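# I would like the atomic coordinates for the input below:
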Amino acid sequence: MMIENREKQELLAPVGGMEALISAVTGGTNAVYLGGSFSARQSAKNFTDEELIEAINYCHLRGVKVYVAVNTLVADRELEDVARHIAFINDNGADAIIVQDLGVFALAREVAPELSVHASTQMTVFDLNGAKLLEQLGFKRVVLARELSMEKIKEICDGTSLEVEVFVHGAICVSYSGQCLMSSIIGGRSGNRGSCAQPCRLLYTIEGKKGYLLSPKDMCLINHLDEIKKIGVKSFKIEGRMKGPDYVGTVVSTYRKYIDSGDIVTADDYEKLEKIFYRGGFTDGYFTGEKGEDMFCHTKPDNPYKQQNGDVLFDDLSKKTNIDILCEIHLGKPIIINVHDENGNTVNYTGKINSEKAINRPLANERIIEQLSKVGGTVFQINNIEVNIDEEISLPISEINDARRNAVLLLEQKILSSYLKSEAKKYVPEKIKENKKSDLKFAVQVSDEAQLDVFKNFDCDYLYIPLEIAVKLKSFTDKVIVVLPRISPSNLEETLQKLKVKKALATNIGQLYLLNKLNFEVFCDHSLNIFNQKAVSQAEKLGVKQITLSTEMMLSQIGSIYSNNPIEAIVYGRLPLMITENCIMKSSVGCKKGAIITDRTDTSFSVRCLEGCRNEFLNTRPIVMSDKLSQIKQSGVNVARLIFTTEPPNECAKIYNAYKNGYMLDGEFTRGKFYKGV
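Next up is the predicted model:
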């Protein structure tokens, strides 16, 4: 086992508690990620502050890094608590935090500027432009979206100085992470806030076919480790903070074996991974580009191996630290021990009892070496012991043992102190400013040319049109803003350069980078998950001229936001609940332009086909706030946007007129999250 080469690629393990952490370290991980407060796995056990200190110290003494997830969207009322949490993480020596929220990133730079920040997969980074923006901001690492092929990952690795982290094993969401509102909208539990109820794992029906149609198999890339190494990936990430120590230890030790050896995976070891957790088999479809039905488990299989109760055995692959000991014992003086480890740490310890002239049995070198060698139960192993001792002297064996223990303790303390950073700075909350109230402007977003024809001559203030329609138009009015696809096509830059209009709605963070590069006027969509004042300020620094806030914000939360630029909110429309890289219709009933999918409560959702055979799930009921516009305006919103998706043109006109005149619409509707947040 080539343990000395482990630092070339990092194996990163999930831990939901101390037992799982010990299993991960024993299994041979290089790093762990875990959660405390404000973690995207709130239903995991997670760590108290005291446990977090214990975990950090346990790992650092064994050469294992610790990354703490602070990867939920954070409300303004929580910023002070988050600042304290980040300060605590920094001051206790954790190696990095993982964040989703641009506001939390800005907060971390303010409070703990020396603490490394990793971009969570919840940030939906799937291209080089996204990585470039994070690099520009000062992130150290990006955790890429799970949906990427090997070629796409390589392109990002080659084009950025950021460390690149990819998932190699574990559960995958059917939707791009950070872009799923399914649990939030239909169940009130937000994935972006750490409380996903996993509705994708339930039964659904499409055109008479019933099954677990949204439930992907678990990812397993153990047969692609050499390829992943060659393309420049820094960190190999295992998913599973909800899993127990048996799962963590088994998966970590198996991946450790093949990362180190480069051998072909045996059938027995592959079966071991299947047995420890089974969801109808494994998939490598995103990595290989072979997407489709084989990536899903439409039936719900039982796990044939339920032994996850601490009974699974695997070798201890944790790394021991080599130490050299120099011991000096001279007549009439106390023992002096110098301990030097392989990483250059050195400590000296002087004993409390002076040696004496031996009366009967003088100390022998062999006996001293025997006592100094007793470092079992520590993270150290003896490389060499040198003893310089005067002849014919004695010293109690208990004093030699005490000296060894104290010297080792000093070395442990020195190792732990080497991870400490400058003390965090005090967080100073921003003074709350009140938005200047102004007349409410209206924005209309259309999905097709028939809808566009309705609004060409309407008096709306902003007209959002899809990129695929914009490329066909020969002329534009000042009110037109081009809506970019949420998953950017590879030729986006080339397409934008041909457009005459220079206003665009960015739907992912990579587009912020690209639009600034091309000197566009940048508008920011709800899919960037801007949830607090810090995030608003950060977006403004990135050149955003108009910000659409997260659709998960309540009116009361919106009211605490201040911006130098217009604040926009979505006040009508069937919200997109998911965006999937895999075509659900093709995987279930064959290719179609659209379909209706029904859940176990007979609630139906429209599924739309997007470019690249992607799907977008729309909420059954539209948000309707036409009778609440005074409250919308009072909250500080400057622009009210209406999104039209499946509505016929005549209905679009009727809905718009209802908003302009402030009267209520007929039919079923929802208030979204305006009154009941997450």
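
# thinking residue 352 is in contact with residue 334, fair?
Yes. Between residue 352 and residue 334 a contact is recorded at 6.3 Å, counting by CB atoms under 8 Å. In short, each C-beta sits where N, CA and C put it, glycine included.

# quick one: which of the two has more around it?
A count of neighbours by other CB atoms under 10 Å puts residue 334 above the other of residue 352 and residue 334, at 17 against 10.

# center of the protein - which residue?
In the chain, the residue lying closest to the centroid (CA atoms, centre = their mean) is residue 120, at 2.5 Å.

# Report the contact partners of it.
40, 69, 71, 98-100, 143, 177-178 (CB atoms under 8 Å, 6 or more residues apart in numbering).

# from these, which is closest to residue 17?
Nearest to residue 17 among the contacts of residue 120 is residue 69, at 13.9 Å by CB to CB.

# any idea which element that closest one lies in?
Using DSSP states H and E, residue 69 sits within strand 65-70.

# So what's the gap between that strand and the chain middle?
10 Å (CA atoms, centre = their mean, to the nearest Å).

# Would you tell me what the next helix or strand after that strand is?
The C-terminal neighbour of strand 65-70 among helices and strands, as given by DSSP H and E, is helix 79-91.

# buried sites along that following helix?
Residues of helix 79-91 classed as buried by neighbour count (16 or more other CB atoms under 10 Å): 79, 82-83, 85-91.

# that older thread, next, format the contacts of residue 120 as JSON lines and append secondary structure and distance to residue 479.
What follows is the contacts of residue 120, written out as JSON lines (DSSP: H, G, I helix; E, B strand; the rest coil; distance: CB to CB, whole Å):
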{"residue": "40", "secondary structure": "coil", "distance to residue 479": "38"}
{"residue": "69", "secondary structure": "strand", "distance to residue 479": "42"}
{"residue": "71", "secondary structure": "coil", "distance to residue 479": "37"}
{"residue": "98", "secondary structure": "strand", "distance to residue 479": "40"}
{"residue": "99", "secondary structure": "strand", "distance to residue 479": "35"}
{"residue": "100", "secondary structure": "coil", "distance to residue 479": "33"}
{"residue": "143", "secondary structure": "strand", "distance to residue 479": "38"}
{"residue": "177", "secondary structure": "coil", "distance to residue 479": "34"}
{"residue": "178", "secondary structure": "coil", "distance to residue 479": "30"}
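
# List the contacts of the nearest residue to residue 470 once chain neighbours are set aside.
Spatial nearest neighbour of residue 470, chain neighbours left out: residue 482 (4.5 Å); criterion: CB to CB, 6 or more residues apart in numbering. Applying CB under 8 Å, 6+ apart, we find residue 482 in contact with 464-467, 470, 499, 501, 503-505.

# Can you find the helix or strand of the chain with the lowest average pLDDT?
Each helix and strand of the chain was given a mean pLDDT (mean pLDDT, DSSP states H and E); the minimum falls on helix 584-588 at a mean of 81.

# which helices and strands does it pack with?
strand 204-206, strand 594-599, strand 604-610 (3 or more CB pairs under 8 Å, 6 or more residues apart in numbering; DSSP states H and E).

# rerun that using 6 Å as the cut-off
Packed against helix 584-588, as judged by 3 or more CB pairs under 6 Å, 6 or more residues apart in numbering; DSSP states H and E, are no other helices or strands.

# in that helix, what's buried?
Of the residues in helix 584-588, 584-588 count as buried by neighbour count, 16+ other CB under 10 Å.

# Let me have these in TSV, extended by distance to residue 373.
Formatted as TSV, the buried residues of helix 584-588 follow (distance: CB to CB, whole Å):
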residue	distance to residue 373
584	62
585	67
586	65
587	61
588	64
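
# so where do the strands sit in the stretch 201-350 of the chain?
Taking DSSP state E, counting those that start in this stretch, the strands of the stretch 201-350 of the chain run over residues 204-206, 209-211, 218-220, 235-238, 282-283, 321-329, 334-341, 346-354.

# how about these, which one is nearest residue 637?
Across the strands of the stretch 201-350 of the chain, residue 637 has its closest neighbour in strand 204-206 (34.8 Å, CB to CB).

# returning to what we had before: please report phi then psi for the residue nearest to residue 470.
phi -90, psi 130 (degrees, to the nearest 10).

# Just read off the phi/psi values of the closest residue to residue 127 other than its chain neighbours.
Nearest residue to residue 127, sequence neighbours excluded (CB to CB, 6+ apart): residue 510, at 5.1 Å. Dihedral pair for residue 510: phi -60, psi -30, per degrees, to the nearest 10.

# Just list the residues touching residue 510, thanks.
Applying CB atoms under 6 Å, 6 or more residues apart in numbering to residue 510 gives the contacts 127, 129-130.

# redo that, cut-off 10 Å
When contacts are counted by CB atoms under 10 Å, 6 or more residues apart in numbering, residue 510 touches 123-134, 484, 487-488, 492.

# Strands of the stretch 501-650 of the chain, residue ranges please.
Using DSSP E, counting those that start in this stretch, the strands of the stretch 501-650 of the chain run over residues 503-506, 521-524, 544-548, 567-573, 576-580, 594-599, 604-610, 614-618, 623-624, 639-643.

# helix/strand/coil for residue 32?
strand (DSSP: H, G, I helix; E, B strand; the rest coil).

# Is it bridged to anything, and to what?
On the basis of DSSP bridges, residue 32 is bridged to residue 13, residue 66.

# Give me the neighbour count for it.
By other CB under 10 Å, 28 other residues sit near residue 32.

# I'd say it and residue 65 touch.
Yes. Counting by CB atoms under 10 Å, residue 65 is a contact partner of residue 32 at 7.5 Å.

# which residues do those two both contact?
Taking CB under 10 Å, 6+ apart as the criterion, residue 32 and residue 65 both touch 12, 56, 59, 95.

# pLDDT wise, what is the residue nearest to residue 470 at?
pLDDT, residue 482: 98.

# all helices of the stretch 51-200 of the chain, in order?
Applying DSSP state H, counting those that start in this stretch to the stretch 51-200 of the chain gives helices spanning 79-91, 102-111, 128-137, 150-159, 182-187.

# And those: which comes nearest residue 614?
helix 150-159 (14.5 Å).

# Contacts for the closest one, please.
In contact with helix 150-159 (CB under 10 Å, 6+ apart) are residues 125-132, 135, 142, 144-145, 148-149, 162-164, 166, 221, 224, 227-228, 230-234, 284, 286-289, 490.

# Emit the PyMOL select command for whichever of those are buried.
Selecting only the buried entries of the contacts of helix 150-159 in PyMOL, with 16+ other CB under 10 Å as the criterion:
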select buried, resi 125+126+127+128+129+130+131+132+135+142+144+145+148+162+163+164+166+221+228+231+233+234+284+286+287
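
# Do a quick rundown of the helices in the stretch 451-600 of the chain.
Applying DSSP H, counting those that start in this stretch to the stretch 451-600 of the chain gives helices spanning 467-470, 492-498, 509-517, 533-541, 555-558, 584-588.

# Please save the CA atoms from the last one in CSV.
This means helix 584-588. Taking Å, rounded to 0.1, in the frame of the first residue of the first chain, the C-alpha atoms of helix 584-588 are listed here in CSV:
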residue,chain,number,x,y,z
ILE,A,584,-37.3,11.7,-17.3
MET,A,585,-39.8,11.1,-20.1
LYS,A,586,-37.3,9.3,-22.2
SER,A,587,-36.2,7.2,-19.2
SER,A,588,-39.9,6.3,-18.4
